[in-house]
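> fold the following for me, if possible:
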Amino acid sequence: MYNHILSIILFTPLVGGIVLMFIPGEKKCLIRWTANIFALLGFVVSLPLIPWFWAVKDAPGFQFVEGGPNNWIPTIGAGYALGIDGISFLLIMLTTLLGAISVLSSWSAIDERAKEYYAWFMVLQTGMLGVFMALDFFLFFVFWEAMLVPMYLLIGIWGGPRRLYAAIKFFLYTLVGSVLMLLSILFLYLFHHSQTGVYTFSIPELYRTAPLIPQVIGMTAAVVLFFGFFLAFAIKVPMFPFHTWLPDAHVEAPTAGSVILAGVLLKMGTYGLIRFSLPFFPAVVHDPKVRGIMVVLSIIGIIYGGLVSLVQKDMKKLVAYSSVSHLGFCTLGIFALNGLGLAGSVLQQVNHGISTGALFLIVGILYERRHTREIAEYGGISSVMPVYATITLIMFLSSMGLPLLNGFVGEFTILEATFMANRAWAAWAVPGVVLAAAYLLWLYQRVFFGKVENPKNEKLKDLNARELATFLPLVALALWIGLYPKPFFRILDRPVATLVEQIDPQRVWNVQTQPGQTQPGHAQPEQAPNQTVRLAESTATLEVGK
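Just a heads-up that it's a prediction; the model follows:
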């Protein structure tokens, strides 16, 4: 099991989807139980990865590597190659947890065509996991596209009144980005062959040659390729101004679809920026103009998302626009281009999945009881649903970045890193924290405080055991990260140190490095500077619990 743990985690949901297809559609109870068993199993089989990865967290390169280059379709150089580092490890664990929670939350929400719904959800889960595991670009692109169709169907079939419009908009935006990314991948593929004489889609191999493009072809070609990847990932994040598909998709998607969309799918964009855009094009990301554009778009997203959230009348749309603001912090941390910013960005991605996933569950529970998300329809809910109100308050405080909860750790780290890079950038980003407190506290006041004015709200039922079970892991993680984030920074220590070395503009890359002289996925410098980034030690201020 140890040697094939990634394949087991990857294909467990897919096996569940296949099993579901053999169950008669009218046996809805059996379908629900089967889907939940496989979703929970997908999380359970990922648990051994925690102690196993912790034992090798300081080892260089990718861990638990399966397969190898060119072993799948040798004629084109495609391989079935899987491997993870600390960044992908955290995102994989987030995916398996939110997948199980999302399926459990769908128990009473999905009644029509339940078999197809759960089967497509399992396929979506496999596609997302594959993106975080793939060490081959051809395999990565297959998984990237594999998650597009299930999400389109989940929105288009089980969504709200404007579901077709939202699904088509989501599909077209993502498809445009995918085409640009595919063209950029093919260019890197051909460039690698021109430098080495080998056709391969192996990501570790492309790490060695892609940074040479400015010297061999020219800076203009490198900038064009960078923006080819950037647009694909920026649409997925989504960064301003590529965000317009997100509110429609969130509002029309079923609750579980919104949870997995906000919690995991959006992280595929930030993951792509970290995994590919930075190490492939280090000279480009350090260009003042390019870096300035990235930072400005991130700050605009932070402020714009917060301001638009303030004026929303629909709870779900408010949470959707808040994602634009929160993920603006994530991209700002990435383009701070220092170890603290990169670590803070990854941790904030995890935090966003926990907090915003919980917020969509909160909105979905109220919608199931009242079939409306209009804020004006509510008031005084805390006296009717006290447990629900308590959990909502915890997750609202988590999302707005209150100290001792997870959101504070991520935002503080990113702002500190941004301040180190440029004080003006940090100053412009800080109002986003204030806006988050404003729209979330105002929403809580209108929905939960005061008297119950609407008779329809007088007999609302509080959380049942199943609904409570979906929140408890998220609340526990929010408290754990907020009180003691050190283990998460230790996991990110090595991959962030490696990434900082890869994007150092002073390094000279040598394509002719012989096998055994470089770590998998690492660019080998002719004279490597003595760089160490010990995040767990240098970020002592983040150990809030001490």
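> average pLDDT for the lengthiest helix in the chain?
Counting by DSSP state H, the longest helix found in the chain is helix 163-196. Helix 163-196 shows an average pLDDT of 91 in the prediction.
> for stretch 284-297, buried residues please.
Buried residues in stretch 284-297, counting neighbours by 16 or more other CB atoms under 10 Å, are found at 284-285, 287, 290-291, 294-295, 297. C-beta here means a position set from N, CA and C on the backbone, and glycine is covered the same way.
> kindly report the same for stretch 107-127.
107, 110, 114-127.
> do the same with stretch 388-397
388-389, 391-392, 394-397.
> helices or strands up against the longest helix of the chain?
helix 137-146, helix 148-158, helix 203-209, helix 213-216, helix 219-236, helix 245-252 (3 or more CB pairs under 8 Å, 6 or more residues apart in numbering; DSSP states H and E).
> which one of those lies closest to Trp33?
helix 148-158 (19.2 Å; CB to CB).
> for the buried residues of stretch 284-297, which one is nearest Asp248?
Leu297 (20.6 Å).
> surely Gly341 touches Cys330?
No - the criterion here is CB atoms under 8 Å, and Gly341 misses it with Cys330 at 9.9 Å.
> need the overlap of contacts for these two.
Ile414 (CB atoms under 8 Å, 6 or more residues apart in numbering).
> ok now stretch 239-248, how far from the chain's centre?
16 Å (CA atoms, centre = their mean, to the nearest Å).
> let me see the mean pLDDT of that stretch.
88.
> endpoints of that stretch, how far apart?
15 Å (CA to CA, to the nearest Å).
> go through it and flag the buried ones.
Those buried within stretch 239-248 under the rule 16+ other CB under 10 Å are 239-240, 242-243, 245-248.
> circling back to that earlier point, narrow the buried residues of stretch 284-297 to those in helices?
284-285, 290-291, 294-295, 297.
> burial measure for Ala59, as a count.
Burial of Ala59 is recorded as 12 neighbouring residues (other CB atoms under 10 Å).
> secondary structure class for the closest residue to it other than its chain neighbours?
In space, and not counting its chain neighbours, Ala59 is closest to Arg494: 7.2 Å by CB to CB, 6 or more residues apart in numbering. Arg494 falls in the helix class when you classify it by DSSP: H, G, I helix; E, B strand; the rest coil.
> how much space separates the residue of the chain positioned farthest from its centre from Val387?
Relative to the centre of the chain, the most outlying C-alpha is that of Pro455, 40.0 Å out, by CA atoms, centre = their mean. Look at Pro455 and Val387: by CB to CB, to the nearest Å, they are 22 Å apart.
> of the helices and strands packed on helix 163-196, which is nearest Gly16?
Closest among the helices and strands packed on helix 163-196, once you apply CB to CB, is helix 148-158, at 13.2 Å.
> phi first, then psi, for Ile84.
phi -140, psi 160 (degrees, to the nearest 10).
> from memory it sits against Gln63, does it?
Yes - Ile84 is in contact with Gln63 according to CB under 8 Å; the separation is 6.0 Å.
> so what sits against both of these two?
Phe53.
> spatially, what comes nearest to Tyr189 if we skip its sequence neighbours?
Nearest to Tyr189 is Phe201, by CB to CB, 6+ apart, at 6.1 Å.
> report pLDDT for the one you found.
pLDDT, Phe201: 93.
> put the alpha carbons of stretch 455-464 into PDB.
Output of stretch 455-464 as PDB, limited to C-alpha atoms (Å, rounded to 0.1, in the frame of the first residue of the first chain):
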ATOM      1  CA  PRO A 455     -43.700  33.800  10.800                       C
ATOM      2  CA  LYS A 456     -42.000  31.400   8.400                       C
ATOM      3  CA  ASN A 457     -38.900  31.400  10.600                       C
ATOM      4  CA  GLU A 458     -40.600  30.700  13.900                       C
ATOM      5  CA  LYS A 459     -40.400  26.900  13.700                       C
ATOM      6  CA  LEU A 460     -37.200  26.300  11.800                       C
ATOM      7  CA  LYS A 461     -35.400  23.100  13.000                       C
ATOM      8  CA  ASP A 462     -31.900  23.300  14.400                       C
ATOM      9  CA  LEU A 463     -29.000  21.200  13.000                       C
ATOM     10  CA  ASN A 464     -29.600  17.500  13.000                       C
END
